[in-house]
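J.: sequence first, then the predicted structure, then my questions.
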Amino acid sequence: MANRTRRTVKSQDRIPKAVDRAMDKQLPSNGHIEPGISVRMGPVEKLDGDAPLTNGNNNGKRKSRGSFPNGKTYKDNSTSGEEDDIPLSKRRRTSQQTKKVQDSDSDMDDIPLAVRKPPKATAAQIGASSDSDTPLTERLVKEKESIEKAAEKTAQAIRAKEKAAGAKRKAKVESDSDDDVPLAKAKKPKVPIKKTANGVKKDDSDSDVPLKKKVTPKKTKVKAEPATPAKKAKGKAVKTEEDQAVEDEEEEYRWWEDPTKGDGTKKWNTLEHNGVVFPPPYEPLPKHVKLVYDGVPVTLHPDAEEVATFYGSMLHSTVNVENPTFNKNFFEDFTTYLDKTGHGKDKAGNTIKIKKFDKCDFKPIFEWFEAERAKKKALPAAEKKALKAEKDAAEAAYMFCMWDGRKQKVGNFRVEPPGLFRGRGEHPKTGRVKKRVAPEQVTLNIGKEAKAPEAPAGHRWKEIKHDQEGTWLAMWQENINGAYKYVMLAANSDIKGQSDYKKFEKARELKKHIDRIRKDYQKDLKSEKMADRQRATAIYLIDQFALRAGNEKGEDEADTVGCCSLKFQHVTLKQPNTVVFDFLGKDSIRFYDEVQVDLQVFKNLKIFKKPPKGEGDDIFDRLTTSALNKHLTSYMPGLTAKVFRTYNASWTMARLLKDMKAVGSDAEKVAAYNAANREVAVLCNHKRTVAASHAASMEKLNERINGIRYQVWRTKMMMIDIDPKIKKKKGAEFFERPEDLDEEWIKKHQEAVVEEERTKTQKKFEKQNEKLKADGEKEMPDKELKQRLQVANDLEKKYKKENKTGKVEAEGKGPTVDKLDTKIQTLEQRIKTMTVQAEDKEGNKEVALGTSKINYIDPRLTVVFSKKFNVPIEKFFSKTLREKFDWAIKSVDENWEF
DNA sequence: CGCTTTGATTCAGCGGCGGCTAC
DNA sequence: CGTAGCCGCCGCTGAATCAAAGC
């Protein structure tokens, strides 16, 4: 399906008045308009840009996912100030609301930096970091919790930094009106590094080369220039350590607010760590386990055998093993290993040439791995524990590093093990062999004064760097895509926390500019200049629907898109103003949404899709992500498309939490919070594949509910058994059996209940006998079992009788109508709880809440909610999340606002 | 390049349940 | 004999880990 052909149909530079007018009349011949007009849509009168942001979903159920493209609508109805009466779930953002929030927040946006106290190092800490004689390992192990670190610099560094960033951006070529940059200027990189769209447009006549696909050879320029001013700034403001020691005692070091950290220039002064952990070396298969080729077991060189095990150990993974690309890529790579190491030998020592994938039988290898897996699983708990302890001890030295004298957790200190590359979606390279990484490929980044860890015996590192502008500890290049892999600190480290803080502060900063930005793009939606109009339209989509920027992608990557890279076929237009998005986004996750947009946006999209454009052509052929981001940066330093996602997500969450009423139990408050979380996740299109077990577990849950409903009915019947007059008193309706619980269902249900009772009895009997046997006592006779099974039999009989007579004998001792009434209440309550649970589960089956919680929702919102509603933060943040968001938990009171 | 964002996979711990024991 | 309380097992959920993909 993937249409990878890049065509060069390009929009005209200017939009002729005639075209504009024609579009106003909505000539059906243009731009792939679907005729179907939704009946529920009223006339749209407004063009003021306050289309809803969030999903006005009904009851939290999103029906528009997958193949049910309906239910989710973005009706552009009124924005009268009556929003307070609209139920939460139906609320949409309006520009008024935005404004309100902004105004009320304006006085609390930022504490002046000057007011904040810079941290200082304590004497103890100074001692620690300068103590380079003690081995790091030893110190790390003893190290309790080191204190604040030395801080330098000031807001100047930031400003210098931002200037630098500005210079970098300037380096990009882009002028919206410039169609004629000579092709020659667009140099191709020698190495296939990541492409950077630079906005150079190609000639109209050249229809084989994609419009946006130029790469700027900018590397050197970008790095060298900006570094200078930044460096200067940082050099001058270093505090003395004494100063710091003094201040430290006064108040806790609010490291996340320290502008010197994580701001682009020097990230650390001293850095000590122990390097990385390599995966264990390959252990050849035992002699009796071999790849079978054409019926013959073959002995492979260990290197080739290892590759064979990569495949052999994943035979259960049908998504891979049944994917032709995967198999083709794997076998191609496997063959090169075989060619290099010599092909296999049979028992007699004859060479067996492995030529056909279809003749390879990896089953024996698979089974061996399965057996090993099972063996490991069956290990006694104590042994498992010992094994784990051993591993932990071996890795302890790598788990932490010393960063400016503070002990910090390292994130991914394990070098990625070799295997088969999977990739996501239809990745062209799926199945390729991901090679084992040797120390010779690994570059370390570490303090100059620190003692670099030794490479494993017999090896050396590729390089030892002292790059204080990098936050990584180690790095290597991976062989599939040539991407760089970095070892960095864990999410709860100072450096990550600070960068997190800055991210959300940046999003909050956007509040101050959003009105102007929206006003501008509303205006530019009508610009005569095609480039401007496309840009405005793109920003509209990013702002309203939380699309990603959408960089161009290469032929050797999965074919996914974002806003700027949307293609003709990804957007369908339905009169008068409905837009249907259907494309694969990041990670090949489907983005499907049917929305209503401003008429001008609708019209623009129509123009952008105008013939001769067709399948495969860019909708935004005059726009690149860099041009877009460059434009955004002019509003606010550091503003890019991505910031809108953070802003919109947090803003949405803030609005939902703000309007929430503090009622009910903790559980109810948590449920309400989760519902808001879910709305944000839906906004960001964070999906997960429905678990294989979902349908079954749903079925089970529903059956349990029905079982209880059946009990309710039976209990009602018991009332009649006790007091026949009750039927009149309560009305016949009360005693009617729910329709869906028909006779067929009841029969089945009864059988299942009886059967369950039987197996339970049987199991218990067997277990007891086993025990008796083990104790050397006499086992119980089968007669005993029979007797016990009588309970089940009686139950069966009772049901039969009930079915026949239509009556239910009252159960329990001394049953009364009152007692039964109470029982029904209890049962009804359980049904209610379970029904909510079931709905929740169903609604959540394809929504991933975690991603937005971890990356998009300002954690301070959660902290405020927790404080305001008096629900422990533990109910919202797991231990790791609490650590990651330590800065947020410590920094706000319940009056803080996003 | 270097960092954040992302969903899948793997792992661990929690809660429910039945059984057993002590009273 | 009935019952409260504790223990161990099991299934499941949520947390941690992992590595790819995006900007």
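T.: Looks like it arrived, so ask away.

J.: next, the contact list for residue A:456, please.
T.: Going by Cβ atoms under 8 Å, 6 or more residues apart in numbering, residue A:456 touches A:278, A:439. Where you see a C-beta, it was placed from the backbone N, CA and C, and this is true even at glycine.

J.: mind checking the SS state of it?
T.: Secondary structure, DSSP: H, G, I helix; E, B strand; the rest coil: residue A:456 is coil.

J.: which residue is it, in the stretch 301-450 of chain A, that comes closest to DNA strand C?
T.: Closest residue of the stretch 301-450 of chain A to DNA strand C, Cβ to the nearest atom of the strand: residue A:423 (3.4 Å).

J.: any idea how far DNA strand B is from that residue?
T.: Counting by Cβ to the nearest atom of the strand, to the nearest Å, the gap from residue A:423 to DNA strand B is 11 Å.

J.: phi, psi for that residue please.
T.: Dihedral pair for residue A:423: phi 70, psi 170, per degrees, to the nearest 10.

J.: check it and give its pLDDT.
T.: As predicted, residue A:423 sits at a pLDDT of 95.

J.: what's the answer for the one 3 residues further on, then?
T.: The score at residue A:426 is 95. That number is its pLDDT.

J.: residue numbers of the stretch 251-400 of chain A in contact with DNA strand B?
T.: A:267, A:317, A:319, A:388 (Cβ under 7 Å from any atom of the strand).

J.: and these, which are buried?
T.: Buried members of these, scored by 16 or more other Cβ atoms under 10 Å, are residue A:267.

J.: next, count neighbours for residue A:611.
T.: A count of neighbours around residue A:611, defined by other Cβ atoms under 10 Å, yields 10.

J.: ok, it to residue A:617 distance?
T.: When Cβ to Cβ, to the nearest Å is the yardstick, residue A:611 and residue A:617 sit 10 Å from each other.

J.: that older thread, show me what contacts the residue of the stretch 301-450 of chain A closest to DNA strand C?
T.: A:429, A:430, A:558.

J.: can you tell me which residues contact the closest residue to the last one other than its chain neighbours?
T.: Of all residues not flanking residue A:558 in the chain, residue A:425 sits nearest, at 4.0 Å (Cβ to Cβ, 6 or more residues apart in numbering). By Cβ under 8 Å, 6+ apart, the contact set of residue A:425 is A:558, A:559, A:560, A:584, A:587, A:588.

J.: kindly indicate whether residue A:425 is helix, strand or coil.
T.: With three-state DSSP as the criterion, residue A:425 reads coil.

J.: rewinding a little: just the ones in strands from the contacts of residue A:423, please.
T.: When those are checked against strands (DSSP state E), there are no matches.

J.: most neighbours, which of those?
T.: For the contacts of residue A:423, neighbours tallied by other Cβ under 10 Å; top is residue A:430, 24 neighbours.

J.: wait, that one sits on residue A:421?
T.: Yes - under the criterion of Cβ atoms under 8 Å, residue A:430 makes contact with residue A:421 at 6.4 Å.

J.: can you list residues touching both of the two?
T.: By Cβ under 8 Å, 6+ apart, no residue touches both residue A:430 and residue A:421.

J.: before we move on, back to that, which ones among the contacts of residue A:423 also lie next to DNA strand C?
T.: Within the contacts of residue A:423, those near DNA strand C by Cβ under 7 Å from any atom of the strand are residue A:558.

J.: in TSV: the contacts of residue A:423, plus distance to DNA strand B.
T.: As requested, the contacts of residue A:423 are arranged in TSV below (distance: Cβ to the nearest atom of the strand, whole Å):
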residue	distance to DNA strand B
A:429	17
A:430	13
A:558	13
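
J.: so what's the residue nearest to residue A:657 when sequence neighbours are not counted up against?
T.: In space, and not counting its chain neighbours, residue A:657 is closest to residue A:865: 5.0 Å by Cβ to Cβ, 6+ apart. By Cβ under 8 Å, 6+ apart, the contact set of residue A:865 is A:657, A:660, A:673, A:871, A:876.

J.: the residues you listed in helices, which ones?
T.: A:657, A:673 (DSSP state H).

J.: min pLDDT across the contacts of residue A:865, which one?
T.: Least confident entry in the contacts of residue A:865, by pLDDT: residue A:660, with 88.

J.: and it, how many residues sit next to it?
T.: Based on other Cβ under 10 Å, the number of other residues close to residue A:660 is 17.

J.: can you give me the distance of the residue nearest to it when sequence neighbours are not counted to residue A:664?
T.: Spatially, and ignoring its direct neighbours in sequence, residue A:660 is nearest to residue A:672 (5.7 Å; Cβ to Cβ, 6+ apart). From residue A:672 over to residue A:664 the distance is 8 Å, taken as Cβ to Cβ.

J.: okay, the two: which has more neighbours?
T.: Ranked by neighbour count (other Cβ under 10 Å), residue A:672 and residue A:664 place residue A:672 first, with 20 against 12.

J.: distance check, that one against residue A:574.
T.: Distance, residue A:672 to residue A:574, by Cβ to Cβ: 35 Å.

J.: cool, and residue A:629?
T.: For residue A:629 relative to residue A:574 (Cβ to Cβ), the value is 31 Å.

J.: how about low-confidence regions in chain A?
T.: A:1-8, A:17-18, A:20-264, A:764-777, A:813 (pLDDT under 70).

J.: got the domain ranges for it?
T.: A:17-107+A:498-656, A:113-266, A:268-468, A:694-842 (automatic domain parsing).

J.: quick one: end-to-end distance for the last one.
T.: The distance separating the two terminal residues of domain A:694-842, taken as Cα to Cα, to the nearest Å, comes to 9 Å.

J.: same check on the third one?
T.: Domain A:268-468 has an end-to-end distance of 6 Å (Cα to Cα).

J.: quick one, what contacts residue A:676?
T.: With Cβ under 8 Å, 6+ apart, residue A:676 has these contacts: A:652, A:653, A:656, A:657, A:660.

J.: kindly recompute the last result at 6 Å.
T.: A:653, A:656, A:657 (Cβ atoms under 6 Å, 6 or more residues apart in numbering).

J.: what about it, which SS state?
T.: Residue A:676 is classified as helix under three-state DSSP.

J.: what about the residue lying closest to it once chain neighbours are set aside, neighbour count?
T.: In space, residue A:676 comes closest to residue A:656 once its chain neighbours are excluded; the distance is 3.8 Å by Cβ to Cβ, 6+ apart. Residue A:656 has 23 neighbours, counted by other Cβ under 10 Å.

J.: what does residue A:568 give?
T.: 20.

J.: I figured it hits residue A:621, correct?
T.: No - counting by Cβ atoms under 6 Å, residue A:568 does not reach residue A:621; the two are 10.1 Å apart.

J.: among the contacts of residue A:423, which are in helices?
T.: Among the contacts of residue A:423, no member falls in helices (DSSP H).

J.: before I go, just wanted to say thanks for your time.
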